[in-house]
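Chemist: next input, structure requested:
(one chain, ligands or ions: 1)
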Amino acid sequence: MSSKIRIGGLISGTGTNMDAIIQACEQGKINGEVIFVGSDNPEAKGLEKAAQKGIPTFVANYSEIIKRFKNNPDKSTLPHDFDLEDIKIKQSLLNRQTDAEKVSTFIETRAIAEAALLDKIKACPFDLLVLAGFMRNLTPYFIDRVNTTPGRPRIMNIHPALLPAFPGVDGYGDTFRYGCKIGGCTVHFIDYGEDSGPIIGQRTFPIEPEDTIDSIKQKGLALEYQLYPECIRLFAEGRLAVVKMTYTDDHGRSSQRSVVNITQIDI
Ligand code: GAR
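Modeler: Numbers count the residues shown, from 1 in each chain. Just a heads-up that it's a prediction; the model follows:
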């Protein structure tokens with residue numbers, strides 16, 4: 001049997017998904033071990049739960065870092081290997097109409113926070129980084145420093161909606177308010193956009209007339225706790241291949257997209 005994968009986790013809140021992943025590792029459902037849990041938020045409840053299990057935890061306090069830079073935009077605090085223009089070109093978190101200064105400040109503040117994150121995790125080499133209710137968008141500054149092998153992404157995220165519908169911070173709420181009759185959750189690799197990377201797995205649930213936002217969150221979370229460990233298991237088994245597909249529409253225009261192929265196990 002191949003060796004256990006080393007999993008790092010990032011959370012912002014209760015960390016129930018992180019807990020489900022830790023349990024799946026403990027129960028041998030994933031051939032892996034969670035080696036750290038970090039957060040942007042010192043109040044994240046999930047940090048305590050992880051620490052109780054003896055897992056090292058850390059915080060890179062985003063709010064504090066962002067506030068400090070906005071109050072005193074001291075460029076010498078930017079990471080030494082930071083290239084604003086490169087990140088501006090790559091990122092698709094903010095659209096091209098967004099005020100240029102706002103874009104620069106967003107990228108600069110996040111890069112400082114991301115450098116703090118990278119600094120914390122550099123002592124713990126990992127195979128896979130899982131975002132489990134991590135409510136911060138990662139910029140190309142961070143992503144490029146983790147995804148160092150082309151075609152082999154290693155940052156996964158769980159999103160509370162059936163992507164590509166309802167990206168953003170309130171997937172279940174947006175699904176409910178839209179009047180959808182089906183809700184769901186999605187696990188994907190992250191790319192330079194918001195919740196836009198190649199999809200690994202999805203689960204759905206029906207939305208009944210008597211459902212409320214709270215009840216659909218409960219239905220969704222119950223599926224998240226199954227789906228996320230299953231997707232991580234596929235990664236640990238080396239069964240996730242990211243391939244570039246080219247599609248040509250009826251007008252002859254072609255576009256490219258990276259998708260995940262799940263390879264079967266030979267029995
Ligand atoms: C989960 O529903 C997760 O899908 C969502 O936050 C919740 C975290 O709960 N993630 C996002 O919205 C990411 N944009 P948890 O902290 O108890 O796992």
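Chemist: neighbours around the closest residue to the ligand within the stretch 151-267 of the chain, how many?
Modeler: Across the stretch 151-267 of the chain, no residue is closer to the ligand than P160, which sits at 3.8 Å (C-beta to the nearest ligand atom). (Each C-beta comes from the backbone N, C-alpha and C, glycine too.) Neighbourhood size, P160 [other C-beta atoms under 10 Å]: 26.
Chemist: that one is in contact with C185, isn't it?
Modeler: Yes. Shown here, P160 and C185 form a contact pair, counting by C-beta atoms under 8 Å, at 5.5 Å.
Chemist: quick revisit: show me what contacts the residue of the stretch 151-267 of the chain closest to the ligand?
Modeler: Taking C-beta atoms under 8 Å, 6 or more residues apart in numbering as the definition of contact, the neighbours of P160 are G171, Y172, T175, C185, K217, G220, L221, E224.
Chemist: give me phi/psi at it?
Modeler: The main-chain torsion angles of P160 are listed as degrees, to the nearest 10 and equal phi -80, psi 50.
Chemist: distance of it relative to I65?
Modeler: Taken as C-beta to C-beta, to the nearest Å, the spacing of P160 relative to I65 amounts to 26 Å.
Chemist: now do Q256
Modeler: 35 Å.
Chemist: phi, psi of the closest residue to the ligand within the chain?
Modeler: Taking C-beta to the nearest ligand atom as the measure, the point where the chain comes nearest the ligand is G133, at 2.6 Å. Backbone geometry at G133, expressed as degrees, to the nearest 10, gives phi 70, psi 30.
Chemist: strands of the stretch 1-150 of the chain, start to end?
Modeler: Ranges of strands within the stretch 1-150 of the chain are 5-11, 32-39, 57-59, 128-131, based on DSSP state E, counting those that start in this stretch.
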